[in-house]
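Enquirer: Sequence and predicted model, in that order:
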Amino acid sequence: MMDLLTSPEAWAALLTLTALEVVLGIDNVIFLSVIVSRIPAEQAKRARQIGLALALIFRILLLSMLVWLIGLTAPVITIKGLDLSWRDLILIGGGLFLIAKATHEIHAEVEGPTDGEVVASRSSNAFAWVIFQIIVIDVIFSLDSVITAIGMAQDLRIMVAAVVIACAVMYLSSGPVSAFVAEYPTTKMLALAFLVLIGVALVADGFSFHIPRAYIYTAIVFSGAVETFNVLAKRNQRKRKVAAQLTEPPR
């Protein structure tokens, strides 16, 4: 253990891998923020805690099963000359799930939820359904995250430490992000559009067509910055309107 603590290479690997895991965790935080927005606030907080705890557990379990995980990359079926492994199939299935879920949520935002959906969002089954969806996405994102970690670091202790730190950062950021999405509905639509984009990237990865994540995250950061300016502009407009009403002389 002391050799790791005193090794510059180990610290460099930990910092690099932690930064990468935090970036990869953005997908998870966005999904959590959107998915818990349809249940009551007290349940939403508990769902976030459960979801992030499961994300940490799945990542550590996968890291402890390296031999099994490596076996997931072996081809199992061939479609028109394209070899697909269990990892590819999981990524394709997860990407399609994300696209379908985000599209359904966008439709609900545009058309408005039906009476049945409003009742369902307040029922006890809604919480269980949210947890189930979080588990599905945690498995997908954990698989992608852990395979990346294995490719960057050779020591299991470094990988576990990076994953734990990244999950802690995700936990600290998930609350503010969820509150922001709930307060400003336009950001939810933007987040749903990101989920469609991420789902497409997962499906492409499954078919061995890699879309550099830097492109996706750059688009997310740029769009998020533009939306932040829009929110600030609307907030200042409301303040000016209220100030004008207060200073307006009575008729």
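Expert: Perfect, I can see it now. Residues are numbered from 1 along each chain as shown.

Enquirer: May I ask which helix or strand encompasses Lys45?
Expert: Assigned by DSSP states H and E, Lys45 belongs to helix 41-63.

Enquirer: list the helices and strands that helix packs on?
Expert: Secondary-structure packing of helix 41-63 (3 or more C-beta pairs under 8 Å, 6 or more residues apart in numbering; DSSP states H and E): helix 8-35, helix 124-152, helix 156-183. Every C-beta, even on glycine, is put in place using the N, C-alpha and C of the backbone.

Enquirer: can you list those helices in a markdown table and add mean neighbour count and mean pLDDT?
Expert: What follows is these, written out as a markdown table (neighbours: other C-beta atoms under 10 Å; pLDDT from 0 to 100):
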| stretch | mean neighbour count | mean pLDDT |
| --- | --- | --- |
| helix 8-35 | 19 | 76 |
| helix 124-152 | 18 | 75 |
| helix 156-183 | 18 | 80 |
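
Enquirer: hmm, back to that, give me the buried positions along the helix holding Lys45.
Expert: Using 16 or more other C-beta atoms under 10 Å as the test for burial, helix 41-63 gives 43-44, 46-48, 50-52, 54-56, 58-60, 62-63.

Enquirer: Please tell me how far Ile39 sits from Asp88.
Expert: Note on Ile39: its distance to Asp88, by C-beta to C-beta, to the nearest Å, is 33 Å.

Enquirer: roughly how far apart are Glu227 and Lys234?
Expert: 11 Å.

Enquirer: nope, Ile57 is what I meant
Expert: To Lys234, Ile57 is 40 Å away according to C-beta to C-beta.

Enquirer: likewise Pro8?
Expert: 48 Å.

Enquirer: cool, and Pro176?
Expert: 19 Å.

Enquirer: Kindly list the longest helix within this structure.
Expert: When every helix of the chain is counted residue by residue (DSSP state H), the longest turns out to be helix 213-247.

Enquirer: And the average pLDDT for it is what?
Expert: Averaging pLDDT along helix 213-247 gives 81.

Enquirer: For it, list every residue counted as buried.
Expert: So for helix 213-247, counting by 16+ other C-beta under 10 Å, buried means 213, 216-217, 220, 223, 227.

Enquirer: Show me the contact partners of the helix holding Lys45.
Expert: 25, 28, 32, 35-37, 39, 69, 126-127, 130-131, 134-135, 138-139, 141-143, 145-146, 149-150, 156, 159-160, 163-164, 167, 170-171, 174-175, 178 (C-beta atoms under 8 Å, 6 or more residues apart in numbering).

Enquirer: That one versus helix 8-35: what angle between them?
Expert: 140 degrees (axes from the mean of the first three to the mean of the last three C-alpha atoms, to 10 degrees).

Enquirer: what inclination does helix 41-63 have with respect to helix 156-183?
Expert: Going by the same axes, to 10 degrees, helix 41-63 makes 160 degrees with helix 156-183.

Enquirer: who's in contact with the closest residue to Thr103 other than its chain neighbours?
Expert: Spatial nearest neighbour of Thr103, chain neighbours left out: Val196 (6.8 Å); criterion: C-beta to C-beta, 6 or more residues apart in numbering. Shown in contact with Val196 (C-beta under 8 Å, 6+ apart): 98-99, 102-103, 106.

Enquirer: same deal with Val203?
Expert: Counted by C-beta under 8 Å, 6+ apart, Val203 has contacts 91-92, 95-96, 99.

Enquirer: Which members of the residues you listed are classed as buried?
Expert: 91-92, 95, 99.

Enquirer: Nearest to Ile77, out of these: which one, please.
Expert: The nearest member of the buried ones among the contacts of Val203 to Ile77, counting by C-beta to C-beta, is Ile92 at 11.4 Å.
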